[in-house]
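[1] Sequence and predicted structure below; questions after.
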Amino acid sequence: MKLFLKNTLLFIFTSLTLLCGIVAIPACLVNRFSDFKINKKNKIVLFGHSHPECAFNDSLITGLKNLSHSAEPYFYTYQKVKKVITQNPQIETVLIEFSNNQIDEKMNGWTWDYKYMSNMFPLYSSFMDASDIKVLFKHDRGVFFNCISISARQNLFKAITFNYNFADRMGGYLKLDRSQTLSKGDSLTHELDKARFLKSRLSYINLIYLRKIIDYCKQRKKKLFLVRSPQYKYYEYRHNEKIYLDIKNRYFSDVKLIDFNNFPLRDDEFADPGHLNLKGAFRFSNYVNKQIEAGILVSGSNSIMANARAVNASAGVLR
């Protein structure tokens with residue numbers, strides 16, 4: 001009986017050790033050899049979710065690299081920022097999208113619901129520290145272990161194939177070749193949405209990780225701005241504007257907001273209320289490029305404000 005128990009315990013110990021090795025060793029290799037390098041000419045980087053992903057056509061913007069990714073909350077952006085900043089010393093300026101829906105409780109789901117976590121966690125799990133892991137583990141252990149399994153398989157494949165390149169997977173400009181269709185009911189829907197958003201709750205995990213991103217960039221002496229991409233006048237999340245501005249002024253007053261929320265665009269330049277299509281992105285990106293070529297993003301906030309007023313008073317506002 002004693003021999004049986006001894007062999008059973010030895011088997012369990014060996015299995016757990018082997019399992020930990022399968023998970024931990026590839027993760028360490030990915031963390032060690034991961035490649036987040038961008039073109040050395042790109043001294044400005046932009047991070048965010050699908051709003052900037054569809055708005056900033058970086059092929060039209062001098063020196064800017066768009067690293068935005070659809071449905072990416074700040075929890076995962078933080079992991080990406082750490083690697084991009086560390087591996088690209090040429091970066092001088094960091095832009096972080098800060099739009100109305102990013103304060104909403106919807107971002108909680110983007111952080112730890114299986115639908116989103118199973119996509120984002122395997123990509124960035126190797127770069128998380130213990131406190132990051134604890135956030136996900138405490139919320140839902142079942143989802144966490146499922147995503148650990150996916151992450152382990154993907155990391156093992158990266159290690160076996162020696163493919164540690166993240167350049168094509170961490171985000172970029174997304175072209176949307178469609179235009180939104182408006183109906184007479186849009187105004188009514190806009191008003192109905194208002195009541196719902198007046199009762200909406202905040203995503204504190206998203207706000208906490210935005211603060212982490214800001215502090216990380218400041219510690220590394222990067223020029224940092226929050227940016228709000230253009231949004232359609234009837235976009236549902238604009239109803240939380242008062243709360244949005246209060247959050248900005250209360251928790252992020254140390255960072256300037258370059259606000260393009262009301263950048264003048266036609267209805268047919270939106271793919272939908274939250275995203276520009278290729279026509280809108282073309283016009284908006286050319287405007288941003290003029291500001292960058294004028295040197296305003298690297299010369300300080302006063303220049304940004306002066307240029308925004310001179311080029312188009314309604315196009316960009318600095319808060």
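    All right, it came through fine.

[2] contacts and neighbour counts: CA atoms only from here.
    OK.

[3] Show me where the stretch 201-319 of the chain dips below the pLDDT cut-off.
    The model of the stretch 201-319 of the chain has pLDDT under 70 over residues 297-319.

[4] quick one: the helices in it?
    Using DSSP state H, counting those that start in this stretch, the helices of the stretch 201-319 of the chain run over residues 204-219, 241-251, 278-293, 301-311.

[5] and if you look at the stretch 51-200 of the chain?
    Using DSSP H, counting those that start in this stretch, helices in the stretch 51-200 of the chain cover 74-87, 106-112, 114-124, 130-139, 141-161, 186-198.

[6] Can you say which of the ones you listed is nearest to residue 259?
    Nearest to residue 259, of all the helices of the stretch 51-200 of the chain, is helix 74-87, at 18.9 Å by C-alpha to C-alpha.

[7] if you average pLDDT over that closest one, what comes out?
    Mean pLDDT, computed over helix 74-87, is 98.

[8] For that helix, output the C-alpha coordinates as CSV.
    Only the C-alpha atoms of helix 74-87 are listed here, as CSV (Å, rounded to 0.1, in the frame of the first residue of the first chain):
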residue,chain,number,x,y,z
TYR,A,74,-6.0,48.9,-21.7
PHE,A,75,-5.1,45.7,-19.7
TYR,A,76,-3.6,44.2,-22.9
THR,A,77,-2.4,47.5,-24.3
TYR,A,78,-0.2,47.8,-21.2
GLN,A,79,1.6,44.6,-22.0
LYS,A,80,2.2,45.7,-25.6
VAL,A,81,3.3,49.2,-24.6
LYS,A,82,6.0,47.7,-22.3
LYS,A,83,7.5,45.7,-25.1
VAL,A,84,7.2,48.3,-27.9
ILE,A,85,8.8,51.1,-25.8
THR,A,86,11.6,48.8,-24.5
GLN,A,87,12.6,47.5,-28.0
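
[9] Report the buried residues of it.
    Applying a neighbour-count criterion of 16 or more other C-alpha atoms under 10 Å, one finds 74-85 buried in helix 74-87.

[10] just stretch 209-224 next, same as before
    The neighbour-count check on stretch 209-224 (16+ other C-alpha under 10 Å) flags 209-210, 213-214, 216-217, 222-224 as buried.

[11] Repeat that for stretch 221-240.
    For stretch 221-240, the neighbour count (16+ other C-alpha under 10 Å) marks 222-232, 234-240 as buried.

[12] Which ones among those residues map onto strands?
    223-228 (DSSP state E).

[13] neighbours of the residue nearest to residue 238 when sequence neighbours are not counted, just the number please.
    Leaving out its chain neighbours, the residue that sits closest to residue 238 by C-alpha to C-alpha, 6 or more residues apart in numbering is residue 100, at 6.2 Å. Residue 100 has 21 neighbours, counted by other C-alpha atoms under 10 Å.

[14] who touches residue 100 in this structure?
    By C-alpha atoms under 8 Å, 6 or more residues apart in numbering, the contact set of residue 100 is 237-238, 240-241, 244.

[15] just residue 160 next, same as before
    By C-alpha under 8 Å, 6+ apart, the contact set of residue 160 is empty.

[16] separation between it and residue 26?
    According to C-alpha to C-alpha, to the nearest Å, residue 160 and residue 26 sit 9 Å apart.

[17] What of residue 177?
    Distance of residue 177 to residue 26, given as C-alpha to C-alpha: 39 Å.

[18] doesn't residue 170 make contact with residue 37?
    No: if you go by C-alpha atoms under 8 Å, residue 37 and residue 170 don't touch, sitting 10.9 Å apart.

[19] These two: who's more crowded?
    residue 170 (19 against 16).

[20] wait, what's in contact with the nearest residue to the more buried one once chain neighbours are set aside?
    Distances taken as C-alpha to C-alpha, 6+ apart place residue 67 nearest to residue 170, at 6.3 Å, with adjacent residues excluded. Contacts for residue 67 were tallied using C-alpha under 8 Å, 6+ apart; they are 45-48, 53, 170-173.

[21] let's see 10 Å
    Counting by C-alpha atoms under 10 Å, 6 or more residues apart in numbering, residue 67 touches 38, 45-49, 52-53, 56, 58, 77, 80-81, 84, 167-173.
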